[in-house]
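A.B. asks: prediction below, plus the sequence it came from.
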Amino acid sequence: MNDQENPYGWLADEHSDDHRWAYGTGFTDPLAGIDTTVPDGVDADALAAYCLAVGDDALIYSHRLQQWITRLPELEEETAIANIALDLLGQARMLLARAGTILGRSEDELAFFRDEADFRNVRLVEPLDGDFADLVGRLLVFSSWRLALFERLAGSPDPVLAAIGAKGVNELAYHRDYAAQWVVRLGDGTELSTQRMQAALLRLWPLVDELFRAHPGDLAPIQRGEVDVVLDTVFATAGLARPDAAPLAYVGGRAGRDGVHTEAFGYVLAELQNVARAHPDATW
Amino acid sequence: MVTAAESTWEVAAATPDPELPTVTIGELGILRAVDETPDGVVVTITPTYSGCPAMREISADVERRLRAAGHLDVQVRTALAPAWSTDWITAEGHRKLAAAGIAPPAPARHRSGPVPLTLGSRPAVRCPRCGSVDTVLAAAFGSTACKALHRCRACAEPFEAVKPI
């Protein structure tokens, strides 16, 4: 392969800051060159708040998935979870960038320099997974719900949000299939794996209700029945029971979408923001 | 060597994909448009997946190639819609992928309504080495976002395949 064909060859002789490989200083704007004018008839503030909420879901959950890297049982699962986390990080970047075009803030400012109460993610994405069953159980619920949501967003009156939604559908469907196949394998596996998969779902269940609870800022509410159809198919195939557990309480009528989070959230956010806050504007 | 006879489209399209350098962005369908405007050349590219880490790299490489071909004012833009599909990979792209031992994608499923859940096995992928369809999915995810890992039972070799989306 000669230098003309080698996509990396030219990196060796060109070192300006704006020509560095993706993991260097700064990132390209994921919406570069896209018309980010908010169309007439769309409430820009409501759109920004909504993009932030759905972007925060992906940002925090991606980080929780990344915490599994180097700790998974097999190399294939390492690759899978890393890829899923990358897809969600990509969705988060575009959604935060979309919110940022309206709020006048960069995606990095929004990700790294907001405090806990300014995040709008649902509480489902906050806990640390205790075992592999927790991982695949939450991934199944999250991706089934988000897939229904993104199919709805594909019809958004904001063309940028619509494009982000349409693009994410294939990704989320693939994540859901991966998680569903693991839930079936564990549920329909040994006595121990069945018991642990069922226990994981029971731990998760109090957080599921919030995904479907009406919220004034929700531009694309999803009916629980739409998602339950999918989950019930998986559970029936896996020989698992849909848990019956009381929803995690709201605090004064407020939860994740209002900036009220669980104890686990402070820890994951601190890990996510630590380097950026300790060394603001650092380059490497 | 770039010659003056090459169109701006040809120059941009010849940019290799950083993650699959055997194929170009033209063959992958990542390059969407090249417009020659009074303000310079405007190139439009689209990411394969939302988290594609190569967009910056591709953008810088396209710009460098066009400059080398004498086009000093180059802008590279992103388009998100319509979402990239493996159906946009050209016949030449399919041929090069297979020659590199990567099974090219089957046509993407077109659907209306909700995406159906896949709990069983997916359709078998043809082994790019021996041509057998006696293959199994070894891992749903591969070394890059666009590929999965398969294994051929006939020739016993593992191979990557581009996931149809």
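C.D. replies: Sure, I can see it.

A.B. asks: check which helix or strand covers B:Val41.
C.D. replies: With elements taken from DSSP states H and E, the one containing B:Val41 is strand B:40-45.

A.B. asks: in that strand, what counts as buried?
C.D. replies: For strand B:40-45, burial by neighbour count (16 or more other CB atoms under 10 Å in any protein chain shown) applies to B:Val41, B:Val42, B:Val43, B:Thr44, B:Ile45. Bear in mind the C-beta positions are built from the backbone N, C-alpha and C, glycine included.

A.B. asks: against A:Phe113, how distant is A:Gln273?
C.D. replies: Summarising the geometry, the distance separating A:Gln273 from A:Phe113, computed by CB to CB, to the nearest Å, is 8 Å.

A.B. asks: more neighbours, those two?
C.D. replies: The residue with more neighbours, out of A:Gln273 and A:Phe113, is A:Gln273; 17 against 14, by other CB atoms under 10 Å in any protein chain shown.

A.B. asks: surely A:Tyr178 meets A:Asp87?
C.D. replies: No: assessed by CB atoms under 8 Å, A:Tyr178 is found out of contact with A:Asp87, at 11.1 Å.

A.B. asks: and those two? Which one has more around it.
C.D. replies: For A:Tyr178 and A:Asp87, the more surrounded residue by other CB under 10 Å is A:Asp87, and the numbers stand at 27 against 23.

A.B. asks: which residue sits closest to the closest residue to chain B within the stretch 51-200 of chain A, ignoring its sequence neighbours?
C.D. replies: Nearest residue of the stretch 51-200 of chain A to chain B, counting by CB to the nearest CB: A:Gly90, 2.7 Å away. Ranked by CB to CB, 6 or more residues apart in numbering or on different chains and with sequence neighbours excluded, the top spatial neighbour of A:Gly90 is B:Gly51, at 2.7 Å.

A.B. asks: also A:Arg203?
C.D. replies: In space, A:Arg203 comes closest to A:Asp134 once its chain neighbours are excluded; the distance is 6.7 Å by CB to CB, 6+ apart.

A.B. asks: count of neighbours near that neighbour?
C.D. replies: Neighbour tally, A:Asp134, other CB under 10 Å: 19.

A.B. asks: state the helix or strand in which the closest residue to A:Thr36 other than its chain neighbours lies.
C.D. replies: Spatially, and ignoring its direct neighbours in sequence, A:Thr36 is nearest to A:Thr101 (4.2 Å; CB to CB, 6+ apart). Secondary-structure element containing A:Thr101, defined by DSSP H and E: helix A:75-103.

A.B. asks: in the following helix or strand past that helix, what's buried?
C.D. replies: Scanning forward in sequence from helix A:75-103, with DSSP H and E defining helices and strands, the next element found is helix A:107-112. With burial defined by 16+ other CB under 10 Å, the residues of helix A:107-112 counted as buried are A:Glu107, A:Leu110, A:Ala111, A:Phe112.

A.B. asks: any idea of the mean pLDDT in helix A:107-112?
C.D. replies: When pLDDT is averaged along helix A:107-112, the result is 93.

A.B. asks: what's in contact with it?
C.D. replies: The contact list for helix A:107-112 (CB atoms under 8 Å, 6 or more residues apart in numbering or on different chains) reads A:27, A:29-30, A:52, A:55, A:59, A:92-93, A:96-97, A:99-100, A:103, A:272-273, A:276-277.

A.B. asks: can you give me the strands in chain B?
C.D. replies: Counting by DSSP state E, one finds strands in chain B at the ranges B:31-37, B:40-45, B:74-78, B:102-103, B:135-139, B:147-152, B:158-162.

A.B. asks: who are the neighbours in contact with the spatially most central residue of chain B?
C.D. replies: In chain B, the centroid-proximal residue (CA atoms, centre = their mean) is B:Leu28; its distance is 3.2 Å. Under the criterion of CB under 8 Å, 6+ apart, the contact partners of B:Leu28 comprise B:Asp17, B:Leu20, B:Thr48, B:Trp88, B:Ile89, B:Gly93.
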